[in-house]
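1. From the sequence below, what's the structure:
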Amino acid sequence: MIRLFSLVPIVTALVFSGTLFGGCIISDDVDDFEIKLPAKSFHLDTGQVSPPTVLTMSQACVASPDSCAAISPDLFCNTDGDCEVTDPTVLPTIPCGLDSDCSEVLGETFTCNQADAACQTTVGFELSTPVNLAEEVPELQDVGSSQFTTVRFSYVRMLVQENTFSIATPQVDLYIAPETVATLWVPDSDPPTIDSDVWVVGVVDSIAASTSGHTVDVDLDPGGDAALTEYCRTPSVTFKFFVYAEMTFRAGDPIPQGALTLRIDSAAIVGLN
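-> Numbers count the residues shown, from 1 in each chain. This is a model prediction of the structure:
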């Protein structure tokens, strides 16, 4: 099991004389020390965000004359009786006048871009992972709850561990929520609304295509920062990290290929009162 936290060797920072703390005696002149968060990764591949290349029709298409080509020159009728895109690397141009023109043919995620008079689609992905500090960092129980200490969140960083995306990534949002929250969104909300128990931690700006190995600082949102700090102070309360990103594809846009893996690195600072 991957441990979310690893305690920076506190033994080297604690001298046994002075204040009683957690069964140990700490020198009055001990500086603040840092609790770091090792790798916690989220992986996305293009199969999770790419628009379909085969459009399942309510009625089987006809190959001759090609009923799919009549909808768009970017489609053809395949042997299964469905419309298939001629070039799977780009979103086909399908003329439209209303959203229903697109959703009935392509699916509910498709709408009509009035400026282009062509269908577009917006695809989102949401990933989460639970965090149980009491189990994963038993040392934090004494540190977080002690009356002699303060705990504050220090930073959150995203390491671009793997990025073989053929196009620039969208903005990636990082959230925190209680473990009881199954998804970021209020069920059946229209327009989609973020659950009130969810706090945004920060965002990672667009990442250039096929660039990996660099770290991006997450600009902490005050509300998310406060929520993270509170979870550090009450490690018995399990929570979740969520990541969310959204991609909109317009007619003729390239469909991404490849994969993206982001790793969360974070730290909290513990100090003596």
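2. need the helices for the chain, in chain order.
-> In the chain, the segments counted as helices under DSSP state H are 67-71, 99-106, 133-136, 139-145, 222-233.
3. Out of those, which gets the lowest mean score?
-> For the helices of the chain, mean pLDDT drops lowest on helix 139-145, to a mean of 64.
4. looking at the helices of the chain, which is closest to L262?
-> L262 sits nearest to helix 222-233 of all these, at 16.5 Å, using Cβ to Cβ. All C-beta atoms are positioned from the backbone trio N, CA, C, and that covers glycine.
5. Quick check: which helices or strands does that closest one pack against?
-> Packing contacts for helix 222-233, counted by 3 or more Cβ pairs under 8 Å, 6 or more residues apart in numbering; DSSP states H and E, involve helix 139-145, strand 149-163, strand 172-178, strand 199-204, strand 259-272.
6. contact partners of the shortest one?
-> The list of residues contacting strand 199-204 from outside it, by Cβ atoms under 8 Å, 6 or more residues apart in numbering, reads 156, 158, 171-177, 216, 218-221, 223-228, 241, 262.
7. What residues are bridge-paired with the residue nearest the centre of the chain?
-> By Cα atoms, centre = their mean, the chain has its centre lying nearest to V243, at 1.8 Å. Beta bridges link V243 to L127, L174, judged by DSSP bridges.
8. I'd like the distance between L127 and C102.
-> Distance, L127 to C102, by Cβ to Cβ, to the nearest Å: 27 Å.
9. Looking at those two, which is more packed in?
-> More neighbours surround C102 than the other of L127 and C102, with 23 against 16 (other Cβ atoms under 10 Å).
10. is it true that the more buried one touches D116?
-> No: at 11.2 Å, C102 does not count as touching D116 under the criterion of Cβ atoms under 8 Å.
11. which stretches of the chain have low pLDDT?
-> Within the chain, the segments meeting pLDDT under 70 span 1-31, 37-39, 139-149, 272-273.
12. Now with 50, please.
-> Scanning the chain for pLDDT under 50 picks out the ranges 1-30.
13. Burial check on the residue lying closest to G81 once chain neighbours are set aside, number of neighbours?
-> In this structure, G81 finds its nearest non-sequential neighbour in A60, 3.2 Å apart by Cβ to Cβ, 6 or more residues apart in numbering. Neighbour count for A60, taken as other Cβ under 10 Å: 11.
14. can you give me phi and psi for A60?
-> Phi and psi for A60, reported as degrees, to the nearest 10, are phi -60, psi 140.
15. Could you point out which of the helices and strands packed on helix 222-233 sits nearest P88?
-> Closest of those to P88 is strand 259-272, at 17.3 Å (criterion: Cβ to Cβ).
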